[in-house]
Each structure stands twice: as C-alpha cells, then as structure tokens.
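Chemist: Model the structure of this input:
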Amino acid sequence: MPVETQDATLRFFTIGHSSHQTEHFVALLRQHSIDVVVDTRSAPYSRFTPQFDREGLKETLTTAGLRYLWMGDVVGGRPREESCYDGEGRVLYSRVAELAEFKEAVARLERGAGEFRVALLCSEEDPAHCHRRLLISRVLMERGAAIAHIRGDGSIDTDADVVAKSGKPLAGAQPALFPEIDESRWRSTGVIGKKAARSAFD
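Modeler: Coordinates of the predicted model:
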C-alpha cells in the first residue's frame, strides 16, 4: 500500500513481537495497514518465542500477504565492530550511526518508506529501552521522519508519549549545553558485551 502523507515527511512504524501469538501480531500489523516488516534483530531467534524465529516469521508474514526483510546485520543492536562498544560492554550508538553500512541501510529504509508502510521490528513490546527507538528511530527522526510505535494493545505512541510514560528521553536528541558530553550517553541501556555480540553471529 503506498504511503499517504499530507507532506513529504516519511513515516515509520515500530513494533515489538513480545510474547504475542502470531495471530495477534499479524492483527496488529493489519490494524495499521503495514506492508513491510523490517526485522532489526541482530539474532532473529528466541528460545522463548520460537514463533518469531526468522524463517517461521517470514513464512507467517508471507502467508498473510505481508513482506518480510531482515536487516539486523546492518541496523541490529549488536554490531560486529568492537570499536562500537565501551569498556562496560554497552553499545555506543554514535559510533554505530557513523558506520558506512548503517548509513546505507538508513537510506534504504527511507527509500522503502517512500513506497510502503514500514514497521521496524524488534523483540521488546515497550520501545523505551529498545535500540529500534534509541538508535534507528532517533537517526530517522533527525533526518526528518515521523515515528509511530505500535503497542501490544494496538494503540500508537509517539516518541513524546514514550518519554511521558517512561521518563526516558532520547539521549542527545535535543540541543545540549555540552553536546559532546550528552552524546556520550547515547548508548544501549543494558550491557550487550563484545562476546555476546560475536556469538550472536556464530
């Protein structure tokens, strides 16, 4: 379905599969007329929700008439490059955002959103602490896109809604007195670790 906008602003949706049943997940996508699901998980597998493993999810979505695209290798929350981690094992999003492959992926997402209604998929239902919001959505918003987070009950949260509910603004997203200090806070909220990141691809 072509994207209908009142202006030239690109619009992206995000969604977390959580522990939803596949029928409910597909219903959420259909409720918001999603055409393409872009899987942003570095490791698109789960022992707890095997219905959302990469191959099974692709089959489910294809059967439902939707498109599936895995891009977790270039926009995932566990980058390969060791330089993208701090000493504590947290991902430094400012460095990820400067990677050539990440920039190319963002441009590809923008081209896709110009033709289709795109939903960025990760695992967490709440986008507050998820890299789909903290990294990908922030970059897209800085480039002029609008973001709508699909919640598990079918409602939509803007980033302002997420901030109001969680108290977690996007680090560095607003002008700061000392931007270089604020930018250092632009990282994953949890410890990912270089070892965990490598094992996700092994």
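Chemist: Next, the distance between the ends of stretch 65-80.
Modeler: Using CA to CA, to the nearest Å, the span of stretch 65-80 from its first residue to its last is 33 Å.
Chemist: cool, stretch 64-76 as well?
Modeler: End-to-end distance of stretch 64-76 (CA to CA): 25 Å.
Chemist: swap in stretch 115-133?
Modeler: Stretch 115-133: ends 22 Å apart by CA to CA.
Chemist: Kindly report the same for stretch 17-26.
Modeler: Stretch 17-26: ends 10 Å apart by CA to CA.
Chemist: can you list contacts of that stretch?
Modeler: 15, 28, 48-49, 51-52, 57, 60-61, 64, 66, 121-125, 152 (CB atoms under 8 Å, 6 or more residues apart in numbering). Backbone N, C-alpha and C define where each C-beta goes, glycine included.
Chemist: What mean pLDDT does that stretch get?
Modeler: For stretch 17-26, mean pLDDT is 97.
Chemist: For it, buried residues please.
Modeler: By 16 or more other CB atoms under 10 Å, the buried positions in stretch 17-26 come out as 17, 18, 20, 22, 25, 26.
Chemist: Then stretch 137-145?
Modeler: 137, 138, 139, 140, 141, 145.
Chemist: Could I have the CA atoms of it written out in CSV?
Modeler: What follows is stretch 137-145, C-alpha atoms only, in CSV (Å, rounded to 0.1, in the frame of the first residue of the first chain):
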residue,chain,number,x,y,z
SER,A,137,14.3,5.9,15.2
ARG,A,138,16.5,8.7,16.6
VAL,A,139,18.5,8.7,13.4
LEU,A,140,15.4,8.6,11.2
MET,A,141,13.8,11.5,13.2
GLU,A,142,17.0,13.6,12.9
ARG,A,143,16.6,13.1,9.1
GLY,A,144,13.1,14.4,9.2
ALA,A,145,11.0,11.2,9.5
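Chemist: quick thing: my sequence starts at 170, can you match it?
Modeler: Got it, the first residue is 170 from now on, which makes the last one we talked about stretch 306-314.
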